[in-house]
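Participant: Here's my sequence, what's the structure:
(chains A and B)
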Amino acid sequence: MAERPRRDASDVPETPASGEPAAPAPEAPEESGNRLLSTLRGMLLPALALLAAFAVGAIVIVISDFDLLGQWGSDPIGAIGASWSAIMATYGALLRGSIGDPGALFGALFSADWEALRRAFGPLSETIVSATPLILTGLSVALAFRVGLFNIGAEGQLYIGSLFAVIAGFSLVGLPWFIHLPIAVGAGFLGGALWGFIPGLLKARTGAHEVIVTIMLNFVALNLIGWALKTELVQREGRSDAISKIVEPTALIPALVQGLRAHWGIVIALLAAVAVWWLLFRSTKGFEFRAVGFNPRAARYAGMSIAWSTVLSMVAAGGLAGLAGTAVILGGSGTLSPGFSPGYGFDGIVVALVGATRPLGVVAAAFLFGALRAGATPMQAATGTPIDLVVIIQALVIMFIAAPALVRAIFRIRAERRTAEVFAKGWGS
Amino acid sequence: MSPEPSHVKLELRGITKRFPGVVANQDVDLVVQPGEIHALLGENGAGKSTLMNVLYGLYRPDEGEILIDDKVVAFDGPGDAIDAGIGMVHQHFMLVPVFTVTENVMLGVETTRGPFGQLDRQAARGRIVEISERHGLHIDPDATVEDLPVGVRQRVEIIKTLYRHSNVLILDEPSAVLTPQETDELFAVMRSLVATGTSIVFITHKLNEVLEVADRITVLRRGTVAGTTTPDETNLEELAAMMVGRDVQLVVDRPPATPGEPILEVRDLVVRDERGHNAVNRLDLAVRAGEILAVAGVQGNGQSELVEAITGLREPDAGVVLLAGEPLADSPRDVFEAGVAHVPEDRMEDGLIADFTVADNLVLNSYWQPPFASGLRLHGEAIVSNAETLVGEYDIRTPSIFNPVGNLSGGNQQKVIAAREFSRPIKLIVAAQPTRGLDVGSIEYIHRRIVAKRDEGAAVLIVSSELDEVVALGDRIAVMYRGRIVDTLSPDEATPERLGLLMGGAHPEDDDAGTLVGATADTGSEQADG
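Facilitator: Down below sits the predicted model:
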């Protein structure tokens, strides 16, 4: 009989209902403005966390440069300037590597020289290539999270999805692309969905915690792939290592622009974001999902099925992660090998976090991290700053977002009442 | 090695503790003399636990002070309270299941020996044996806690506090988890403890236990002290009345009921609670169209389980629930579709989703049907216009229908639920504690709405532990005690005295003993006559 502090906030003054007729309600802010404001407020903390991460990253840049460190001892004043220019050079290179050199972009636009254009847009294309799977895994994690589930298994779902997509890609021969490609992509979704269905069902039926189950299923998926790639059905002829057959050209996702690596997978990802948004905020299932995520007891009292929401959302989340792998494989080499994903599934957690589990936020965050990833190599080439800086920045972002109180303290923001302390929740039950 | 407990006087003076939107304790005074068992009696939500958490240093009071031996003390945490000699046995035990009794008792105050701080289990074990012998707390110090029955675990908790030299022991609903035999043993231990000068604060809502064991009784009601008395000066009915109150006389204008066909029929219903006990024990009741049946009773006598069984939230173990002669299906959605409105007991936990807007909460159980949805698609405009209509019709005070419902006051939250549940054709209303925690204006409003639905021909089942509410609303008043309806009275017969007596578990005087013999046979020893 714990007497919890009730959440009946008292800021709306209560007047006896029997008394005067209702006073005119305080001028309600226009609805759209209200929503925009709340969206912006939702993005504030992630944005500040990002800022803090880049600031700490700047310190890393300085102390990872031994010459610079030496200069701090001998010539502190000069070292300030040198450090500043090192930071600017590094972040500048990161920007050029991910978006492009503004001068070159501008010049290329006017030169009308195809080759120059292609080269100038190369970095942006790389960012899109990296962002595509991140959007999808980010949506996967975000969707499950809205239902109160922490999907750590996007990585495994991604692999199983890829396997299904590749098998559909090389085993069906002679179909036109507009039939073959949708089938292959659908198979990828199906594979991931299957791998999401398992933890969903276990949670709904037995209460097995989805965090444990999805983590374990990641290992199962990786080893399953390792085994499948060595079977006669999947393994490429004449190879002894674990690599799949190459999919038919009709199952490949075409490039957006000839000569650049960015492919139509980004369109699939953006459509998926719209679909998730619609599902969550415009459909009856999404209403249930969010209700169950916020307050499962009240959802049950209102006649919703928690078990159904759990299973369905995990199926959808798994499918989205499966699409991520599918887009990488069918939009790239067309062949599957173990370890092709540099952790897209886990990065999806970061993307969902930074995107505040909103589809639009997820897209923005995925582009951000895609850009970091794409810019890392050119940055190392240009300035000698180790590629690991990007990993550090990513880790710092997670850290700052996981500790909202810290960010609030740094930037001196007052805590919003009843702010959803988003990711603290999934661990609860 | 173990000094006799010193005799300590504990005093709480003017304690007020507020949480956002509620005052949990208002100006509470409490004096616990050395060597007395002081019962703190009150219903769920009356503020007992809050008060004890203040005393134990878990909450800091907004106003008021704690005095030990007439000196003001300030507790920054349970550590300070323990140092001051206050020990608490929580309702939910704080034990490490895989540790032995000795290890659990010494946890946090480990005695060590040798240069490397080895645990000195032997010394601790010796003291535990000594304490248990002195107070008759029989226990095997080497047993693993997870192998022990609940009653013995509670003993471990008591030993834990004595091991820390507590002079004041707080027992939070100690009998809630015990069998009658274990309860008797507990009372014997409590008497043995106070004989040595320890004082005990005994938190409970069970009236007969209070009369049996307490030296002094303080009754809390709605966060304030409703009175202090002793078992010699009072009796069951007076305590019951103090607990559930009769200070506010609410009168709702209503014409007499014109009961029609039976709508809800419950026959021989058995429902188990989480612990596997029969919370509802072969209960029968019937509600007709156009009448209000109010079920009175001290909380914890199976009312929650009864409501959950009727509304499809909990599966009955036996018996039938009929709605207009048809068996009521067993899922909450089927029950909704059958035309049953449910006002849940805990509006924030069960009735509303705090983070959802007012508009969304108003369609929380109907979002899936036209006009709010077709297929998978939600119709935002229909949801909005529904909300605009209902906010006006039910006078819900909110800055906007897009405001999260958690930001509304309790009265307006309850109006949201009433608007959602009553604004469709319904055959039956099941309302549990429909006005708990509301101000008088909101109470009257909700009552008027319920009477209006009755006059439209709905059958109404109210479950309430507020005597005023029961008397103000009930066309018939049933009293529930230990999972049974012990008596049904007309409003004229239902004096607070008579209700209090029945709620406290006393036999009804009339000859309607047919249902009663079975109800009281198993608990006969605990019956007390008023």
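Participant: ok, whichever residue of the stretch 101-250 of chain B sits closest to chain A to B:Ala240 distance?
Facilitator: Using CB to the nearest CB, the single residue of the stretch 101-250 of chain B nearest to chain A is B:Glu173, 6.7 Å away. The way it works is simple: take the backbone N, C-alpha and C, and place the C-beta from them, glycine included. When distance is defined by CB to CB, to the nearest Å, B:Glu173 is 18 Å away from B:Ala240.
Participant: Between those two, point out the one with more neighbours.
Facilitator: B:Ala240 (28 against 21; other CB atoms under 10 Å in any protein chain shown).
Participant: That one: which element?
Facilitator: helix B:236-244 (DSSP states H and E).
Participant: What helices and strands are in contact with that helix?
Facilitator: Counting contacts by 3 or more CB pairs under 8 Å, 6 or more residues apart in numbering or on different chains; DSSP states H and E, helix B:236-244 packs against strand B:37-41, helix B:207-213, strand B:216-221, strand B:224-229, helix B:496-503.
Participant: Need these in a markdown table (columns: mean neighbour count).
Facilitator: Shown next, in a markdown table, are the helices and strands packed on helix B:236-244 (neighbours: other CB atoms under 10 Å in any protein chain shown):
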| stretch | mean neighbour count |
| --- | --- |
| strand B:37-41 | 26 |
| helix B:207-213 | 21 |
| strand B:216-221 | 23 |
| strand B:224-229 | 18 |
| helix B:496-503 | 23 |
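Participant: Export those as JSON lines, with columns for mean pLDDT and distance to chain A.
Facilitator: Shown next, in JSON lines, are these (pLDDT from 0 to 100; distance: least, CB to the nearest CB, whole Å):
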{"stretch": "strand B:37-41", "mean pLDDT": "92", "distance to chain A": "12"}
{"stretch": "helix B:207-213", "mean pLDDT": "86", "distance to chain A": "16"}
{"stretch": "strand B:216-221", "mean pLDDT": "91", "distance to chain A": "11"}
{"stretch": "strand B:224-229", "mean pLDDT": "90", "distance to chain A": "14"}
{"stretch": "helix B:496-503", "mean pLDDT": "80", "distance to chain A": "18"}
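Participant: list the contacts for residue 202?
Facilitator: Reading this off chain A. Contacts for A:Leu202 were tallied using CB atoms under 8 Å, 6 or more residues apart in numbering or on different chains; they are A:208, A:210, A:213.
Participant: should've been chain B
Facilitator: B:37-40, B:171, B:174, B:190, B:210, B:213-214.
Participant: among the contacts of A:Leu202, which ones are buried?
Facilitator: Neighbour-count burial (16 or more other CB atoms under 10 Å in any protein chain shown) applied to the contacts of A:Leu202 gives A:210, A:213.
Participant: so the residue of the stretch 351-500 of chain B found nearest chain A is in which element?
Facilitator: Nearest residue of the stretch 351-500 of chain B to chain A (CB to the nearest CB) works out as B:Gly441 at 2.4 Å. Of the helices and strands defined by DSSP H and E, B:Gly441 is found in helix B:440-455.
Participant: Give me the pLDDT value at residue 35.
Facilitator: The chain I'm using is chain A. Note for A:Arg35: predicted pLDDT of 65.
Participant: wait, I meant chain B there
Facilitator: B:Gly35 is given a pLDDT of 89.
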